[in-house]
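# I would like to see how this sequence folds:
(one chain, ligands or ions: 2)
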Amino acid sequence: MTERWGELDAAATLRPPGPGDDKYRRGVLGVRTGAAHYPGAAVLGVSAAWRTGVGMLRYVPPVDDAAPPFGLPTPAAAVLAARPETVLGPPTGRPCDAWLIGSGTDAATRSAAELRDLRALLAGDAPIVIDAGALDLVAAGDGRTAPVVLTPHAGEFERLWRSARLGALPDDWDAHGTDAGPRARAAARLAEALDATVLLKGSVTVCVSAEGWSRRIGPATPWLATAGTGDVLAGILGALVAGRAAELRDDPGLLGRLGATAALLHDLAARCASADAGADGSGRPIAAADVAAAIPPAFAELASQRR
Ligand SMILES: NC(=O)C1=CN([C@@H]2O[C@H](COP(=O)(O)OP(=O)(O)OC[C@H]3O[C@@H](n4cnc5c(N)ncnc54)[C@H](O)[C@@H]3O)[C@@H](O)[C@H]2O)[C@@H](O)CC1
Ligand SMILES: Nc1ncnc2c1ncn2[C@@H]1O[C@H](COP(=O)(O)OP(=O)(O)O)[C@@H](O)[C@H]1O
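Residues are numbered from 1 along each chain as shown. Ligands and ions are numbered 1, 2, ... in the order given. Sure thing, here's the model as predicted:
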């Protein structure tokens, strides 16, 4: 039986601001997401991270990216238009506390320069949230030094499973299943093989560490099953990790707890936006940007449960 990650557990991992804080101490998140065809994914992740309380956010545009089609803005222009507080470009002095990479990117069109930069992050020590088009960068024994948390949906999970050469998927694996047990067991095998924390998304999300710690979150409101909500989740997690990156050095298991908290906060925001408090599909339709907009009240609701 996979234990449930509850609101009290999640509340205990939040880091409310204090009088001794400044923007750096609140956590600096570096973000390398979005591409010519997916500027929106960058906007969604960046918006979600700001709304989760990150201190500073540096958006690093894709290197050598193709020109955007249809006269679309570049990801950087779209990000700045939506969130002008975002700092543009790679860190010049103080390094970022954590990174978010991959949402809205495609490994098939990644430039050599972009690959070199991403590999440099993996060879560093700042924790990294790895989503969507950057998941292929993680392999067993790849020599990475950065602690990583992977955020695959079921399709991406199956791809990772194959590339990790784990053989056939378990008999009880069901991509759309809501039974946490089989999902957590499969995620645990992948997490151990890749030496990574795995946040396997779905109606029921499971968060599993390489050491075998696992928790379930959900079922979440089914209104979440729309394009871009995963990009929002990645932004929430990036902000949470940046805020507590220093503690991760002494407490690597914190990455799993932050992953589980991000999934819970994401669901709370979606319930709030969709007016579906019971996560039973009542309420109203929402889109990913609505979920991002509802993070602050959801955060407040969760933080009020801190003991
Ligand atoms: N506004 C934007 O810019 C958006 C950009 N997005 C980006 O689009 C890129 C492609 O993402 P996709 O996930 O669509 O494409 P992928 O090609 O990674 O995966 C989609 C494939 O996986 C299969 N699959 C199996 N289980 C699935 C599940 N539970 N959820 C989703 N697919 C499942 C689907 O059948 C489909 O064939 C990513 O980089 C993503 O971040 C999306 O997040 C949508 C919004
Ligand atoms: N049926 C569902 N019920 C509740 N939540 C869901 C359901 N399907 C997907 N989700 C959630 O929606 C998000 C979708 O993320 P993802 O598949 O990465 O989409 P995208 O790449 O379009 O952002 C995840 O957080 C996942 O947990």
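
# what does the stretch 151-300 of the chain have sitting close to ligand 2?
Within the stretch 151-300 of the chain, the positions near ligand 2 by C-beta under 6 Å from any ligand atom are 153, 201-203, 205, 220-222, 224-225, 227-231, 233, 266. Every residue, glycine included, has its C-beta placed from N, CA and C.

# helices of the stretch 151-300 of the chain, residue ranges please.
154-163, 180-194, 229-243, 245-248, 254-274, 288-293, 295-303 (DSSP state H, counting those that start in this stretch).

# tell me the angle of the fifth one relative to helix 180-194?
Going by axes from the mean of the first three to the mean of the last three C-alpha atoms, to 10 degrees, helix 254-274 is angled at 140 degrees with respect to helix 180-194.

# hmm, helix 254-274 touching ligand 1?
No: on the criterion C-beta under 6 Å from any ligand atom, helix 254-274 is out of touch with ligand 1, staying 13.6 Å away.

# and that helix, how far from the chain's centre?
Counting by C-alpha atoms, centre = their mean, to the nearest Å, helix 254-274 is centred 10 Å from the centre of its parent chain.

# how about the CA coordinates for it, as PDB?
Provided in PDB are the C-alpha atoms of helix 254-274 (Å, rounded to 0.1, in the frame of the first residue of the first chain):
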ATOM      1  CA  LEU A 254      13.800  16.300   0.600                       C
ATOM      2  CA  LEU A 255      13.600  16.200  -3.200                       C
ATOM      3  CA  GLY A 256      11.000  13.400  -3.000                       C
ATOM      4  CA  ARG A 257       9.000  15.300  -0.400                       C
ATOM      5  CA  LEU A 258       9.100  18.500  -2.500                       C
ATOM      6  CA  GLY A 259       8.000  16.500  -5.600                       C
ATOM      7  CA  ALA A 260       5.000  15.200  -3.700                       C
ATOM      8  CA  THR A 261       4.200  18.600  -2.300                       C
ATOM      9  CA  ALA A 262       4.300  20.100  -5.800                       C
ATOM     10  CA  ALA A 263       1.800  17.600  -7.100                       C
ATOM     11  CA  LEU A 264      -0.500  18.300  -4.100                       C
ATOM     12  CA  LEU A 265      -0.300  22.000  -4.400                       C
ATOM     13  CA  HIS A 266      -0.900  21.700  -8.200                       C
ATOM     14  CA  ASP A 267      -4.100  19.700  -7.500                       C
ATOM     15  CA  LEU A 268      -5.300  22.200  -4.900                       C
ATOM     16  CA  ALA A 269      -4.800  25.100  -7.300                       C
ATOM     17  CA  ALA A 270      -6.700  23.200 -10.000                       C
ATOM     18  CA  ARG A 271      -9.600  22.300  -7.500                       C
ATOM     19  CA  CYS A 272      -9.700  26.000  -6.500                       C
ATOM     20  CA  ALA A 273      -9.800  27.200 -10.200                       C
ATOM     21  CA  SER A 274     -12.300  24.600 -11.300                       C
END
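
# please work out the average pLDDT along it.
Throughout helix 254-274, pLDDT has a mean value of 98.

# now do the closest residue to ligand 2 within the stretch 51-200 of the chain against A107, distance only.
Residue nearest to ligand 2 within the stretch 51-200 of the chain: H153 (3.5 Å; C-beta to the nearest ligand atom). To A107, H153 is 16 Å away according to C-beta to C-beta, to the nearest Å.

# quick one: buried ones out of the residues of the stretch 151-300 of the chain next to ligand 2?
Among these, those classed as buried by 16 or more other C-beta atoms under 10 Å are 201-203, 205, 220-221, 224, 228-231, 233, 266.

# and the pLDDT for the residue of the stretch 51-200 of the chain closest to ligand 2?
Here the pLDDT value assigned to H153 is 98.

# next: the one 10 residues further on.
Predicted confidence (pLDDT) at S163: the value is 96.

# again, but for the one 3 residues further on
The score at L166 is 96. That number is its pLDDT.

# for it, give me its contacts.
Going by C-beta atoms under 8 Å, 6 or more residues apart in numbering, L166 touches R189, L190, A193.

# and if we set it to 10 Å?
By C-beta atoms under 10 Å, 6 or more residues apart in numbering, L166 lies in contact with A140, L160, A186, R189, L190, E192, A193, L194.

# before we move on, what about P91?
V28, G30, M56, R58, V60.

# just the pLDDT for the fourth one.
Reading off the confidence values, R58 has pLDDT 98.

# how about the nearest residue to the residue nearest in space to the middle of the chain, chain neighbours excluded?
Nearest to the mean C-alpha position of the chain, by C-alpha atoms, centre = their mean, lies A234 at 2.3 Å. Nearest non-adjacent residue to A234, counting by C-beta to C-beta, 6 or more residues apart in numbering: D131, 4.2 Å away.

# so how far is I295 from the one you found?
Taken as C-beta to C-beta, the span from D131 to I295 is 17 Å.
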